[in-house]
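> kindly return the folded structure for what I paste below:
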Amino acid sequence: MKITKVESFVLHVPITPPITDAINVATHWGLAGVRIFTDEGFIGYGYTGTCAHGDDMIVDTIDKYYAPLLVGKDPFMVRALWEEMRFGKMHWIGRSGVTHMALAAVDIALWDIMAKASNKPLWQYLGGAKTKPIKAYNTNGGWLNWSQDRLLKDVTEIVEAGFTGVKIKVGKPDPREDYARCKAVRKAIGDDVIFMIDVNQQWNISTAMTWGKKLEEFDLFWLEEPLNPDDIIGHKKLADELNVPIALGEHVYNKYAFRDYIHQGAIEYCQVDVTRVGGITEWLQVAGLAASYDVPICPHVGDMGQIHQHLVAATPSAIMLEYIPWIRHIFEEPATVVDGHYLLPQTPGASTTILPRYFEEYRIR
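Numbering: from 1, shown residues only. Below you'll find the predicted structure:
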């Protein structure tokens, strides 16, 4: 099999209503991605997720630097192709961020081709570690721009729908407001529901130490991204001092950074995101590294779960998966949660094939 054409794309899918966390305001979810065509008729789809900013930089990297390396190559040589792209012309100016997100999109498309050609859903092609539905936790009711009344209504409805875990955003200018919201949420959902909070990097070490300790009373499952994601020492200090486990990974872009976080004991739940590291090829390496330290995997879903449902199903140490349903309607086989659990996909591939109608409706490039 040979690659015959590489075609980038950008889709912007509306988010209704718009949401905010402590960093971002999002009206659309961006898919900066690629379709890879082969001489045997298989088409691989891969993408990375954005807040609909910077997508042009990602697809420019694909078009100018990665696509020329792919045409005429065998997609089943995915690891060799990954190394060639990773250490190509873009290595000098970028070893994370835009270049790795572009690499992720291409790598995902290659794995999609391999699974389709093997007539297996990706989770089976990767070896399959789970045969039962995967526990989901829901993030979509806890946005920072929600009023407290809206917040409580949403998390209550999430629990009533069968989810056994919810996550909300914190990081208000006054942490006392975060405290009040957390107190109200825990009361609303009861003691048996898993409850996580996400700071989106907004605290410094003193704020995190003070309010992390105060919030422990609400039996938090984890404290997510409390500090700058490059601050391994700060996260190590928090992990040592707080009873609440530290979770992060959505802004950690390569296996070496994960190695340092894990080896230092600065991370207790590994949220490695396949769309931020260099795709499935590097995600699997990070998952293996985390397993050797008994650090559980709980991915951040920049892909909104389409690819990660396969990776979690193929990874023994992956314990559950985030759920945000913004873009599921655009796919041939959308990620589906029933009674708080992801159903395992059955269609060959990585569940990344986009319906033609939505591909055209949301395409901006």
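> neighbours of the residue nearest to residue 73 when sequence neighbours are not counted, how many?
In this structure, residue 73 finds its nearest non-sequential neighbour in residue 3, 5.3 Å apart by Cβ to Cβ, 6 or more residues apart in numbering. Placement of C-beta: from N, CA and C, glycine included. Look at residue 3: counted by other Cβ atoms under 10 Å, it has 23 neighbours.
> distance of residue 3 from residue 10?
As defined by Cβ to Cβ, to the nearest Å, residue 3 lies at a distance of 21 Å from residue 10.
> remind me which residues of the stretch 1-150 of the chain are low pLDDT?
Along the stretch 1-150 of the chain, no part satisfies pLDDT under 70.
> may I see the buried residues of stretch 172-179?
175, 178, 179 (16 or more other Cβ atoms under 10 Å).
> which one of the residues you listed is nearest to residue 204?
Proximity of the buried residues of stretch 172-179 to residue 204 (Cβ to Cβ) peaks at residue 175, which lies at 11.4 Å.
> thought the closest one was touching residue 209?
No: if you go by Cβ atoms under 8 Å, residue 175 and residue 209 don't touch, sitting 11.7 Å apart.
> top strand in the chain by residue count?
strand 3-20 (DSSP state E).
> packing partners of that one?
With contacts taken as 3 or more Cβ pairs under 8 Å, 6 or more residues apart in numbering; DSSP states H and E, strand 3-20 sits against strand 25-38, helix 55-61, helix 67-70, helix 356-361.
> report pLDDT for the spatially most central residue of the chain.
What sits nearest the mean C-alpha location of the chain, by Cα atoms, centre = their mean, is residue 301, with 2.4 Å. We have a pLDDT of 97 for residue 301.
> and it, what element?
When secondary structure is defined by DSSP states H and E, residue 301 falls outside every helix and strand.
> residues in contact with it?
Shown in contact with residue 301 (Cβ atoms under 8 Å, 6 or more residues apart in numbering): 49, 273, 308, 321, 322, 323, 324.
> among these, which ones are in helices?
The helices, defined by DSSP state H, take in residue 308 from these.
> switch the contacts of residue 301 over to CSV; also include neighbour count and distance to residue 217.
Formatted as CSV, the contacts of residue 301 follow (neighbours: other Cβ atoms under 10 Å; distance: Cβ to Cβ, whole Å):
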residue, neighbour count, distance to residue 217
49, 28, 34
273, 25, 30
308, 29, 31
321, 24, 27
322, 23, 24
323, 25, 26
324, 19, 28
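> one step back: quick check: phi and psi at the residue nearest to the centre of the chain.
With angles defined as degrees, to the nearest 10, residue 301 sits at phi -110, psi 70.
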